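In: Mind looking at a prediction? Sequence and model below.
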Amino acid sequence: MTGRWLRITVTMAAAAIVLPGAGLAAPAAAAPAVAYGTGACSAGAHTLAPPGSHLYPETGNGGYTSLHTLVHLVYDAATNRFLPGNRVVLTDQATQCLSSFSLDFERKSANTKAGPDMTVQSVAVNGQPAGFTFVQPTYPGDPNGQNDPNPAAHEASQHNPVGGPDHNPLPPACSPELPSTHTAADALDGTQCPANKLVITPAAPIASGSVFTVTVSYTGRPGVHNDGDGTTEGWFRAPDGGFVTTEPVGSQDWMPLNDYPAAKPTYDFADTVSAGKTVLANGMLVSVKRNPVSAEFPGGSVTWTWHSPAPVASYLVEDSVGNFHLTERAADNGVKFYEAQDSAIPAQQRKKNLAIMNQQQNITEFESQFSGTYPFTSDGVVVGTPPASFEEEMQTMITFAGGFINTDVLYHENMHQWWGDNVTENNYSMTFYKEGMATLAEELYAARLAENKAGGPYTAKGQAAFQASLVKQFNQIYASNGSFWTAAPSNPDPFGLFSGSATYARPSAAYIALRQILGHGNFTQALEQVQRSYGGSFITEAEWEAAFAQWLPVPTSACRARLSQFFTQWFDTAYPAGGGGNRPQITGPGLNGPDFYNAHGGCS
């Protein structure tokens, strides 16, 4: 793909903007089950996590499927506040007859400095005022129900059971919100979960199968979520607005939603913000319109409209506001590439950043060789100023914090557009699947550099150098000792989810081994098939493993059984410390460690 750079030119047209809010609804408790049609109506589940979960078990909401979300921010950048008229409109489809249902919304936080402080003004269902209240979550599968009177059923923990100072034998209801990364992982085990469940009771039950809209109007200050590892994510205050980077659950700190990876509605954004500010969101920029002076915006305002035709997982919703310099260009295949930097970044650093940002199209082309056709209509990068804890693969608008961008990390985050974004993990325990693929992209980048140094991708020496680099990187990872192998990738806890080798290096090494086991062509075919089969949706660990099994070059029962052992060892096993014999004992052809195949090319 080639393209030319275009500076965005927007025609501003003066227009009045009216943002009426719905009438205030009195709080109400969830309604009991009532007869409706041919079945009983009941409350939707307050979580999508399976029973026994200890990794964000409080998130997600059942009884409906999320179809579309319209975000309509009314945001004063100077005060960092959502003003009257601020709202989201959620379009959902009921999967049962609903007497009530819930959303995730952390409107208040113990972090009084940077956390949210918002108030719900009203809720409407299908345009009719609805009752609402906030409740604590309980642990998934609680036999006493969502309103369990036992306080122990509503406690935070890194582990299952909670344990804690009172030796609570129940599973956790939520992950703890650690105040810093220096706090012990289990410091808040046994404390009460915050009431972050917005329970909505419509005026009449919602019939199973019906499509309905939910309008939540709210005001106040958005903020960040204190995570289970002590980092923060969500809406970071910038001097000129807000910078949004939210993995894994911080979206609920600036908007109510079904906050679970597998919940993937499409999105539209129609954000009215202080005049002179730029809005960056998922998808394609549709329009920018200047509005006249109003009581809310005495200096005027501007409405930015973005549209994402592709579904977006809850933690990938982007909606930053600030003094961003935004450009776009269109590649020959029609994909638009957006680039944005905060004007507060020094000019010399912006120049350095731009040189890396300009590589995104080339990186996308390179990664397409392994993952298949780029899945979206746009891609982009935004560099903000707040010192957020991490960079993130926000769908089609990758975020870099602290005013800097890094080439290696851009390869990582851009690979997520296929793995995590287009094909999303079905729950948090599958985080290793997509982070391992993104780490593989870094290893492919290192191999690409070696290939170019040796003569290029179209030379025998270059290709040999590419392969040798991957083998070398695998062998270095496989030689790791100490605590490297002590956590199973598929069974993480919140404290180590985004910092441990089990999430990043270990699964990436498994993918290099799989590439050797399947053959390079078959490995790529498997990845492309997953994109075709699960694009726009989510994938389970069993489905991920089955996709590779279909491309085994020796599809005997013995080889299929050995591949199953391979996945168990690499993804599901926690080993004692030390390495050596305490690590996976199946690798692949040409790699250190026991080969997948025997001397005759079979698996028996």
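Out: Received, thanks.

In: which residues in the stretch 451-600 of the chain form strands?
Out: All strands of the stretch 451-600 of the chain, identified by DSSP state E, counting those that start in this stretch, fall at 537-539.

In: tell me, which strand in this structure spans the most residues?
Out: strand 211-221 (DSSP state E).

In: so where's the stretch 351-500 of the chain uncertain?
Out: Of all residues in the stretch 351-500 of the chain, none has pLDDT under 70.

In: Now do the contacts for the nearest residue to V120 once chain neighbours are set aside.
Out: Distance criterion C-beta to C-beta, 6 or more residues apart in numbering; nearest residue to V120, sequence neighbours excluded, is Y218 at 4.8 Å. Placement of C-beta: from N, CA and C, glycine included. Residues near Y218 by C-beta atoms under 8 Å, 6 or more residues apart in numbering: 82, 86-87, 105, 107, 118-121, 256.

In: Tell me which two in those residues are the farthest apart.
Out: R87 and R107 (13.9 Å; C-beta to C-beta).

In: quick one, longest helix in the chain?
Out: helix 431-454 (DSSP state H).

In: And it, what's buried?
Out: Going by neighbour count (16 or more other C-beta atoms under 10 Å), the buried part of helix 431-454 is 431-448, 450-451, 454.

In: For that helix, enumerate the helices and strands it packs against.
Out: In terms of contacts (3 or more C-beta pairs under 8 Å, 6 or more residues apart in numbering; DSSP states H and E), helix 431-454 is packed against helix 360-371, helix 407-415, strand 423-425, helix 460-478, helix 505-518.

In: what's the offset of the third one from the middle of its chain?
Out: Right, the one you point to is strand 423-425. Centroid separation for strand 423-425 versus its chain: 9 Å, with C-alpha atoms, centre = their mean, to the nearest Å.

In: what secondary structure does A49 sit in?
Out: Following DSSP: H, G, I helix; E, B strand; the rest coil, we place A49 in the coil state.

In: Next: L188.
Out: Classified using three-state DSSP, L188 is coil.

In: That one - nearest residue in space that isn't next to it in sequence?
Out: L188 sits nearest to P176 (C-beta to C-beta, 6+ apart), 3.6 Å away.

In: and the one you found, how many neighbours?
Out: 27 (other C-beta atoms under 10 Å).

In: so how far is Q252 from the residue nearest to V120?
Out: From Y218 across to Q252, the span is 12 Å (C-beta to C-beta, to the nearest Å).

In: re the thing from before, OK, contacts around the residue nearest to L188?
Out: Residues counted as contacts of P176 (C-beta under 8 Å, 6+ apart) are 156-158, 187-189, 191, 228, 494.

In: again, only using 10 Å
Out: 155-158, 164, 183, 185-191, 193, 226-230, 494-495 (C-beta atoms under 10 Å, 6 or more residues apart in numbering).

In: So how do I select the buried members of the residues you listed in PyMOL?
Out: Buried members of the contacts of P176, defined by 16+ other C-beta under 10 Å, are picked up in PyMOL with:
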select buried, resi 155+156+157+158+164+185+186+187+188+189+190+191+193+226+227+228+229+230+494+495
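
In: Out of the contacts of P176, name the ones that lie in helices.
Out: Per DSSP H, the contacts of P176 never map to helices.

In: how near is the closest residue to E392 other than its chain neighbours to D319?
Out: For E392, ignoring the flanking residues on the chain, the nearest one in space by C-beta to C-beta, 6+ apart is T245 at 4.5 Å. In this view, T245 and D319 are 11 Å apart by C-beta to C-beta.

In: Repeat that for A184.
Out: 34 Å.

In: With I539 instead?
Out: 26 Å.

In: For those two, work out which one has more neighbours and name it.
Out: D319 (26 against 22).

In: was I right about D104 contacting L257?
Out: Yes: here D104 reaches L257: they are 6.2 Å apart, a contact under C-beta atoms under 10 Å.

In: Name the residues contacting each of these two.
Out: Counting by C-beta under 10 Å, 6+ apart, the residues touching both D104 and L257 are 61, 198, 251, 263, 314.

In: Surely the third one is in a strand?
Out: No: the assignment for S251 is helix, going by three-state DSSP, so no strand is present there.

In: residues touching it, list them.
Out: 59, 104-106, 225, 233-235, 244, 257-259, 312-319.

In: mind checking pLDDT for it?
Out: For S251, the pLDDT comes out at 98.

In: cool, and the last one?
Out: S314 is assigned a predicted lDDT (pLDDT) of 98.

In: In contact with it, which residues?
Out: Here S314 is in contact with 59-60, 66, 69, 104, 246-252, 255, 257-265, 424 (C-beta under 10 Å, 6+ apart).

In: try 8 Å this time
Out: 249, 251, 257-261, 263-264.

In: Helix, strand or coil: sort out the closest residue in space to it that isn't next to it in sequence for me.
Out: In this structure, S314 finds its nearest non-sequential neighbour in D259, 4.7 Å apart by C-beta to C-beta, 6+ apart. Look at D259: counting by three-state DSSP, its state is coil.

In: Next, D259: phi, psi?
Out: phi -90, psi 80 (degrees, to the nearest 10).

In: Pull the number of nearby residues for it.
Out: With other C-beta under 10 Å as criterion, D259 counts 30.

In: what does H520 give?
Out: 12.

In: Tell me how far the nearest residue to L73 once chain neighbours are set aside lies from K289.
Out: Excluding the flanking residues, the one nearest L73 by C-beta to C-beta, 6+ apart is D271, at 4.2 Å. For D271, the distance to K289 (C-beta to C-beta) stands at 11 Å.
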